[in-house]
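Novice: A structural model of the following input is requested.
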Amino acid sequence: MKIRRQIEHDHGDSAIFALSDPFFVFKNMFEANVEKWDTRYKVEIPLKGLFYLPFNLVVYVTSVLRSTHSVNYVINVADFAEHRWGIVMFKVREDEVDMEVEVEVPLNIVTSRILRKRVERFAENFNEAVRLYRIEKKI
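Specialist: Numbers count the residues shown, from 1 in each chain. Below you'll find the model as predicted:
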(Lines give C-alpha, C1' and ligand atoms only; values in the text may rest on other atoms or scores of the structure.)
Protein backbone atom coordinates (compact mmCIF):
# COMPACT_ATOMS: atom_id res chain seq x y z
CA MET A 1 0.00 0.00 0.00
CA LYS A 2 1.41 3.36 -0.99
CA ILE A 3 -0.32 6.66 -0.30
CA ARG A 4 1.00 10.12 -1.16
CA ARG A 5 -0.77 13.32 -0.23
CA GLN A 6 -0.05 17.03 0.06
CA ILE A 7 -1.76 18.73 2.96
CA GLU A 8 -2.12 22.49 3.22
CA HIS A 9 -1.91 23.90 6.72
CA ASP A 10 -1.96 27.20 8.61
CA HIS A 11 0.48 26.37 11.41
CA GLY A 12 3.90 27.27 10.03
CA ASP A 13 6.77 25.58 11.84
CA SER A 14 4.47 24.33 14.62
CA ALA A 15 3.24 21.48 12.40
CA ILE A 16 6.59 19.72 12.78
CA PHE A 17 6.11 19.53 16.56
CA ALA A 18 2.78 17.73 16.21
CA LEU A 19 4.11 15.39 13.50
CA SER A 20 7.10 14.51 15.72
CA ASP A 21 4.75 13.01 18.31
CA PRO A 22 3.88 9.36 17.51
CA PHE A 23 0.83 9.56 19.75
CA PHE A 24 -0.55 12.45 17.67
CA VAL A 25 0.29 10.91 14.29
CA PHE A 26 -0.97 7.36 14.76
CA LYS A 27 -3.97 8.22 16.91
CA ASN A 28 -5.19 10.81 14.41
CA MET A 29 -4.12 9.11 11.20
CA PHE A 30 -5.22 5.53 11.89
CA GLU A 31 -7.61 5.98 14.86
CA ALA A 32 -5.25 3.70 16.77
CA ASN A 33 -4.34 2.97 20.37
CA VAL A 34 -0.69 3.85 20.98
CA GLU A 35 1.51 2.54 23.82
CA LYS A 36 5.15 3.30 24.50
CA TRP A 37 7.37 0.22 24.91
CA ASP A 38 10.90 1.17 25.97
CA THR A 39 12.35 2.83 22.86
CA ARG A 40 9.53 1.91 20.48
CA TYR A 41 5.77 2.26 20.23
CA LYS A 42 3.05 -0.35 19.83
CA VAL A 43 0.18 0.84 17.63
CA GLU A 44 -3.05 -1.19 17.51
CA ILE A 45 -5.26 -0.21 14.60
CA PRO A 46 -8.85 -1.46 14.76
CA LEU A 47 -9.98 -2.65 11.34
CA LYS A 48 -13.58 -1.54 11.23
CA GLY A 49 -14.89 0.11 8.15
CA LEU A 50 -16.73 -1.10 5.10
CA PHE A 51 -15.73 -4.59 6.20
CA TYR A 52 -15.34 -5.67 9.81
CA LEU A 53 -12.26 -7.71 10.59
CA PRO A 54 -12.30 -9.27 14.08
CA PHE A 55 -8.70 -8.37 14.89
CA ASN A 56 -6.51 -5.32 15.19
CA LEU A 57 -3.58 -4.59 12.92
CA VAL A 58 -0.53 -4.36 15.19
CA VAL A 59 2.27 -2.04 14.09
CA TYR A 60 5.50 -1.34 15.96
CA VAL A 61 7.20 2.00 15.43
CA THR A 62 10.83 0.93 15.65
CA SER A 63 12.47 4.30 15.06
CA VAL A 64 11.61 7.94 14.60
CA LEU A 65 13.98 9.96 12.43
CA ARG A 66 13.63 13.71 12.87
CA SER A 67 15.28 16.63 11.14
CA THR A 68 14.49 20.32 10.92
CA HIS A 69 11.74 19.90 8.32
CA SER A 70 10.93 16.19 8.18
CA VAL A 71 9.86 13.27 10.34
CA ASN A 72 10.12 9.62 9.27
CA TYR A 73 8.62 6.70 11.18
CA VAL A 74 10.04 3.25 10.44
CA ILE A 75 7.32 0.72 11.17
CA ASN A 76 7.08 -3.04 11.44
CA VAL A 77 3.71 -4.66 10.78
CA ALA A 78 3.25 -7.82 12.83
CA ASP A 79 0.95 -10.32 11.14
CA PHE A 80 0.34 -14.03 11.17
CA ALA A 81 3.11 -15.16 8.83
CA GLU A 82 5.94 -12.66 8.76
CA HIS A 83 7.00 -9.18 9.73
CA ARG A 84 6.60 -6.51 7.10
CA TRP A 85 8.40 -3.18 7.09
CA GLY A 86 7.15 0.22 6.06
CA ILE A 87 7.66 3.92 6.48
CA VAL A 88 5.51 6.96 7.23
CA MET A 89 7.17 10.18 6.02
CA PHE A 90 6.34 13.84 6.50
CA LYS A 91 8.17 16.73 4.86
CA VAL A 92 7.01 20.02 6.32
CA ARG A 93 7.16 23.37 4.57
CA GLU A 94 5.79 26.71 5.72
CA ASP A 95 2.23 26.07 4.46
CA GLU A 96 2.25 22.49 3.20
CA VAL A 97 3.08 18.95 4.32
CA ASP A 98 4.09 16.19 1.93
CA MET A 99 2.94 12.91 3.42
CA GLU A 100 3.83 9.43 2.22
CA VAL A 101 2.77 6.13 3.73
CA GLU A 102 4.34 3.00 2.29
CA VAL A 103 3.74 -0.38 3.90
CA GLU A 104 2.74 -3.94 3.03
CA VAL A 105 -0.26 -5.00 5.08
CA PRO A 106 -1.93 -8.39 5.53
CA LEU A 107 -5.20 -8.86 3.62
CA ASN A 108 -4.05 -6.01 1.41
CA ILE A 109 -7.27 -5.44 -0.58
CA VAL A 110 -9.48 -5.00 2.48
CA THR A 111 -6.98 -3.52 4.93
CA SER A 112 -5.53 -0.95 2.53
CA ARG A 113 -9.01 0.30 1.68
CA ILE A 114 -9.81 0.92 5.36
CA LEU A 115 -6.45 2.57 6.05
CA ARG A 116 -6.59 4.71 2.88
CA LYS A 117 -9.92 6.21 4.02
CA ARG A 118 -8.45 7.01 7.43
CA VAL A 119 -5.40 8.69 5.90
CA GLU A 120 -7.69 10.80 3.69
CA ARG A 121 -9.72 11.81 6.76
CA PHE A 122 -6.49 12.71 8.59
CA ALA A 123 -5.45 14.93 5.67
CA GLU A 124 -8.84 16.67 5.61
CA ASN A 125 -8.86 17.28 9.38
CA PHE A 126 -5.15 18.06 9.73
CA ASN A 127 -5.51 21.79 10.50
CA GLU A 128 -8.04 21.20 13.26
CA ALA A 129 -6.06 18.31 14.77
CA VAL A 130 -2.88 20.41 14.90
CA ARG A 131 -4.80 23.35 16.36
CA LEU A 132 -6.14 21.13 19.17
CA TYR A 133 -2.68 19.63 19.71
CA ARG A 134 -1.15 23.10 20.03
CA ILE A 135 -3.78 24.08 22.59
CA GLU A 136 -3.25 20.85 24.56
CA LYS A 137 0.56 21.14 24.56
CA LYS A 138 0.56 24.96 24.85
CA ILE A 139 2.70 25.51 21.76
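
Novice: just the strands in this protein please.
Specialist: Per DSSP state E, the chain carries strands over the ranges 2-8, 33-37, 40-48, 52-66, 70-78, 83-92, 96-103.

Novice: quick one: strands adjacent to the fourth one?
Specialist: Just to be clear, that refers to strand 52-66. Using DSSP bridges, the strands paired with strand 52-66 are strand 40-48 (antiparallel), strand 70-78 (antiparallel).

Novice: now that strand: buried residues?
Specialist: Neighbour-count burial for strand 52-66 flags Leu57, Val59, Val61, Val64 (criterion: 16 or more other C-beta atoms under 10 Å). From N, CA and C alone the C-beta is placed, and that goes for glycine too.

Novice: one more: the last one?
Specialist: Residues of strand 96-103 classed as buried under the neighbour-count rule (16+ other C-beta under 10 Å) are Val97, Met99, Val101, Val103.

Novice: now do the contacts for the nearest residue to Arg131 once chain neighbours are set aside.
Specialist: In this structure, Arg131 finds its nearest non-sequential neighbour in His11, 7.4 Å apart by C-beta to C-beta, 6 or more residues apart in numbering. Going by C-beta atoms under 8 Å, 6 or more residues apart in numbering, His11 touches Ala18, Asn127, Val130, Arg131, Arg134.

Novice: need those residues in CSV (columns: neighbour count, pLDDT and distance to Pro46).
Specialist: What follows is these, written out as CSV (neighbours: other C-beta atoms under 10 Å; pLDDT from 0 to 100; distance: C-beta to C-beta, whole Å):
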residue, neighbour count, pLDDT, distance to Pro46
Ala18, 26, 92, 22
Asn127, 14, 92, 25
Val130, 23, 92, 23
Arg131, 15, 92, 25
Arg134, 15, 90, 27
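
Novice: on that earlier part again, what's the closest of the buried residues of strand 52-66 to Arg113?
Specialist: Of all the buried residues of strand 52-66, Arg113 sits closest to Leu57, with 12.7 Å by C-beta to C-beta.

Novice: dump the contacts of His11 to CSV, plus distance to Glu44.
Specialist: CSV is the format used below for those (distance: C-beta to C-beta, whole Å):
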residue, distance to Glu44
Ala18, 21
Asn127, 26
Val130, 23
Arg131, 26
Arg134, 26
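
Novice: please consider this matter closed, and thank you.
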